[in-house]
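> Take a look and give me a structure for this.
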Amino acid sequence: MTKIITIITLFICSLMSAQNVKLTVAVSGLKNDTGIVKVGLYNSDGTFLKTTYKSLTSEIKNKEVVVTFDNLPAGEYAISTYHDENNNGKLDRNAMGVPSEAYAASNNAKGFMGPPSYKDAKFVLDKDSKIEIVL
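Residues are numbered from 1 along each chain as shown. As a prediction, the model looks like this:
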């Protein structure tokens, strides 16, 4: 009987440690309701701004957007988001390569002479959380 109780206890503990969390991202500061907002979630320095771990897109209402990433394993993440005003699926840039559409990253991370770094944008997600980003 003791073995059964021990096995059940270990099983319950393993389920609790593997608990997934929810991340809600609110994006505000948009200048209009035209187009869509893309929100990219990254889980490593090596993929930041290159390959998203997960990505969500939302229509804009009242110059704001709220998206929710469900069933995320607890861990370290960063977010990059942009206002795709012309709905062409990419962050448009001018002739010099500077983004011509509004963009931002988690922690209000800003880059110097380039994009923000993962180190500046990263955060730890260990429970259901909400992040607010202003473009």
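> For this protein, which residues score under the pLDDT cut-off?
In the predicted model, the chain carries pLDDT under 70 at residues 1-18.
> Show me the helices in it, by range?
For the chain, helices defined by DSSP state H occupy the ranges 2-17, 118-121.
> which one is S106 nearest to, not counting chain neighbours?
With sequence-adjacent residues excluded and distances taken as C-beta to C-beta, 6 or more residues apart in numbering, S106 is closest to I79, at 4.0 Å. C-beta coordinates here come from the backbone N, C-alpha and C atoms, glycine included.
> err, V66, not the other one
Spatial nearest neighbour of V66, excluding adjacent residues (C-beta to C-beta, 6+ apart): A26 at 4.9 Å.
> how about the residue lying closest to S28 once chain neighbours are set aside, what does it touch?
For S28, ignoring the flanking residues on the chain, the nearest one in space by C-beta to C-beta, 6+ apart is E64 at 4.9 Å. By C-beta atoms under 8 Å, 6 or more residues apart in numbering, the contact set of E64 is 26-28, 30.
> Compare those and tell me which is most surrounded.
Counting neighbours by other C-beta atoms under 10 Å, V27 leads the contacts of E64 with 26 neighbours.
> How much space separates the residue lying closest to that residue once chain neighbours are set aside from A104?
Counting by C-beta to C-beta, 6+ apart, V65 is the residue found nearest to V27 once chain neighbours are left out, at 4.5 Å. Separation of V65 from A104 (C-beta to C-beta, to the nearest Å): 12 Å.
> neighbour count winner among those two?
Neighbour tally, V65 and A104, criterion other C-beta under 10 Å: the higher count belongs to V65, 25 against 20.
> Contacts only, for that one.
Taking C-beta under 8 Å, 6+ apart as the test, what V65 contacts is 26-28, 30, 37, 39, 58-59.
> Any chance of a markdown table for these, columns distance to K119?
Listed next are the contacts of V65 as a markdown table, based on distance: C-beta to C-beta, whole Å:
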| residue | distance to K119 |
| --- | --- |
| A26 | 23 |
| V27 | 22 |
| S28 | 25 |
| L30 | 27 |
| V37 | 24 |
| V39 | 20 |
| S58 | 27 |
| E59 | 32 |
